[in-house]
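Just a sequence and a predicted model for now, questions to come.
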Amino acid sequence: MYKQRRLKLMEQVVDECSVFIFSGRGIMKSADEGYPFSVDRNFYYLTGLDREDMILHISKHNGAVSSTLFIQPFDPLMARWVGGRMSAEEAQKISGVDAVRDYGDFESAVASLYNWKRTLPEFSVYVDAWRYNADQMSSEALKFAEMVQRKYPTWTIRDIYPMLTGMRMVKDATEVAHIVKANEITAEGVKAMMRNIGDGKREMEMEGVFNLELMKHGCKHNAFSTIAASGKNATVLHYGSNTDFCKDGELFLCDLGASNSYYCADISRTFPVNGKFTERQKEIYECVLGAQKLVEDNCKPGLTLRQLNQLVVNYYKEKLPELGLKEPVSEYYFHSVSHHLGLDTHDVTLWESVLAPGHVITNEPGLYISSEGIGIRIEDDLLVTEDGCINLSCTPKTVEEIEAIMKK
């Protein structure tokens, strides 16, 4: 699978080139403790390897493609302290690369590549030049590109990000299965929260209930940091402190997800702390649920996420006055209804792309009414098909389903 992905990627690049993808490096936190390592998702997508200090080199010469993986050598002392590094044989078996070399050989390998290619009129080096904002720390790929520009200025630096993004946007059957599994685990976690919530419970306690359920299912990584917001906190879109107490009569909003082989679920549910919606809560909830159904019913290839969001805005323009909400829609709904989902929760996306079969997107309308202390968001994950979409989520969401689960 990983070899086929690499070959597909190399069909899109120019001849006489090299692609360098870096797994990433661990970052120290304080004293002798480091932050948990999280592998570069493009590296993982092309290799299936989840280790730091690895470099994938894919070469294209006269149309022929070859791949080499640079990894840290086995260290017997480290193996006694924290476990052994991956062997060359294991890395090659998982990734399907042609060769595995010592990480320490990388710089000399690049110098040898330069000497070999220096007579060519042009040689291209592809790296992932992604940068989210101007002042963030440079990635290993950007550091490498800067080094190439200094030492080998005749080489042309090109960005591989758009090509990898286009590939990652279309999920194959294996990827969809991972997202489905992540959704199944997430559903169990949310149901556990519904059964355990109550007056006086801390928001972070509910987060802990969810995390415990994930651990029971062998899930090592949350898809993202959990939002656990009660009462008025739920009207803050990305509320994150999770420190307040849940109160009888209020609603509780959770936005969370499990991951499976790094493929993410992204689910939002809103339910009453005491297990029973008030009439006011119910009518607003049903309005949001109607918006979500509208998106699911209309999701299909050829549409943009912007068009799906406009469906929600138009729907709210009609429905909100019936709920006594007289301000413009943007006062109560101020985010988009969807984003792509995959190895990242907010997955890579090509600008102004249209939906196509194999895309997985979220469906997350909401209403946030600060004056009433009510914030409601309902979110599912949709797989775009040839003529519509399939809902990959299985977390209960109707008023009847929620109240049945929460019945004391």
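All right, it came through fine. Numbers count the residues shown, from 1 in each chain.

so what are the domain limits for this protein?
Segmentation of the chain into domains, based on automatic domain parsing, reads 2-167, 170-406.

If you average the pLDDT over the first one, what comes out?
It refers to domain 2-167. Domain 2-167 shows a mean pLDDT of 94 in the predicted model.

thinking again about what came up before, go through the domains of the chain and pick out the most buried.
Neighbour counts (mean count of other Cβ atoms under 10 Å) averaged over each of those peak at domain 170-406, with a mean of 19. C-betas here are computed from N, CA, C, even on glycine.

Can you measure across that domain, start residue to end residue?
Distances were taken as Cα to Cα, to the nearest Å; on that basis the terminal residues of domain 170-406 are 38 Å apart.

then stretch 276-290 to CSV, C-alphas only?
Listed next in CSV are the C-alpha coordinates belonging to stretch 276-290 (Å, rounded to 0.1, in the frame of the first residue of the first chain):
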residue,chain,number,x,y,z
LYS,A,276,-33.9,15.5,30.3
PHE,A,277,-34.2,18.4,27.8
THR,A,278,-36.4,21.3,28.7
GLU,A,279,-38.9,22.4,26.0
ARG,A,280,-36.7,25.4,25.1
GLN,A,281,-33.6,23.3,24.9
LYS,A,282,-35.4,20.7,22.8
GLU,A,283,-36.7,23.1,20.2
ILE,A,284,-33.3,24.7,19.7
TYR,A,285,-31.7,21.3,19.6
GLU,A,286,-34.2,20.0,17.0
CYS,A,287,-33.4,23.1,14.8
VAL,A,288,-29.7,22.3,14.8
LEU,A,289,-30.5,18.6,14.1
GLY,A,290,-32.6,19.8,11.1
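
chain center to it, what's the gap?
How far stretch 276-290 lies from its chain's middle: 29 Å, per Cα atoms, centre = their mean, to the nearest Å.

now the helices: where do they sit in the chain?
The residue ranges that make up the helices of the chain, judged by DSSP state H, are 2-10, 41-47, 76-82, 88-95, 106-117, 140-151, 161-169, 173-196, 203-216, 279-298, 305-319, 329-332, 399-406.

In CSV: these, plus distance to Asn242.
Listed next are the helices of the chain as CSV, based on distance: least, Cβ to Cβ, whole Å:
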stretch, distance to Asn242
helix 2-10, 37
helix 41-47, 26
helix 76-82, 31
helix 88-95, 37
helix 106-117, 42
helix 140-151, 33
helix 161-169, 31
helix 173-196, 12
helix 203-216, 4
helix 279-298, 21
helix 305-319, 27
helix 329-332, 23
helix 399-406, 20
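
Looking at those, which is nearest to Tyr126?
Tyr126 lies closest, by Cβ to Cβ, to one member of the helices of the chain: helix 161-169, at 8.2 Å.

what are the C-alpha coordinates of the closest one, in PDB please?
Output in PDB follows, covering the C-alpha atoms of helix 161-169 (Å, rounded to 0.1, in the frame of the first residue of the first chain):
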ATOM      1  CA  TYR A 161       2.600  19.600  -0.300                       C
ATOM      2  CA  PRO A 162      -0.100  20.200  -3.000                       C
ATOM      3  CA  MET A 163       0.500  16.800  -4.500                       C
ATOM      4  CA  LEU A 164       0.300  14.900  -1.200                       C
ATOM      5  CA  THR A 165      -2.700  16.900  -0.200                       C
ATOM      6  CA  GLY A 166      -4.600  15.900  -3.300                       C
ATOM      7  CA  MET A 167      -3.800  12.300  -2.600                       C
ATOM      8  CA  ARG A 168      -4.700  12.400   1.100                       C
ATOM      9  CA  MET A 169      -8.100  14.000   0.400                       C
END
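
residues contacting Asn363?
Under the criterion of Cβ atoms under 8 Å, 6 or more residues apart in numbering, the contact list for Asn363 reads 292, 295-296, 299, 308, 337-338, 379-382, 391.

Could you rerun that using 7 Å?
Contacts for Asn363 were tallied using Cβ atoms under 7 Å, 6 or more residues apart in numbering; they are 292, 295-296, 337-338, 379-380, 382.

how close does it get to Cys389?
Between Asn363 and Cys389 the distance is 9 Å, computed by Cβ to Cβ, to the nearest Å.

which residues do those two both contact?
Common neighbours of Asn363 and Cys389, using Cβ under 7 Å, 6+ apart, are 296, 382.

how close does Lys319 sit to Thr362?
Relative to Thr362, Lys319 is positioned 21 Å away (Cβ to Cβ).

Repeat that for Glu90.
Applying Cβ to Cβ, the value for Glu90 to Thr362 is 35 Å.

What distance separates the opening and closing residues of stretch 269-278?
The first and final residues of stretch 269-278 sit 16 Å from each other (Cα to Cα).

Same check on stretch 355-364?
With Cα to Cα as the measure, stretch 355-364 spans 16 Å from end to end.

Use 18 as the first number for this chain going forward.
Let's use 18 as the start, then, which means that last one is stretch 372-381.

pLDDT averaged over that stretch - what is it?
Average pLDDT, stretch 372-381: 98.

Report the distance from that stretch to the chain centre.
Average the C-alpha atoms of stretch 372-381, do the same for its chain, and the two points are 13 Å apart (Cα atoms, centre = their mean).

likewise stretch 213-229?
Between the mean C-alpha point of stretch 213-229 and the mean C-alpha point of its chain there is a distance of 24 Å (Cα atoms, centre = their mean).

So what touches it?
Residues outside stretch 213-229 that contact it (Cβ under 7 Å, 6+ apart): 206, 209-210, 243, 245-247, 259-265, 269, 273, 290-291.

Just the ones of these in strands?
Assigned to strands by DSSP state E, the following of these qualify: 245-247, 269, 273.

Relative to Asp67, which of those residues is nearest.
Each of the ones in strands among the contacts of stretch 213-229 was scored against Asp67 by Cβ to Cβ, and Leu273 proved nearest at 22.1 Å.
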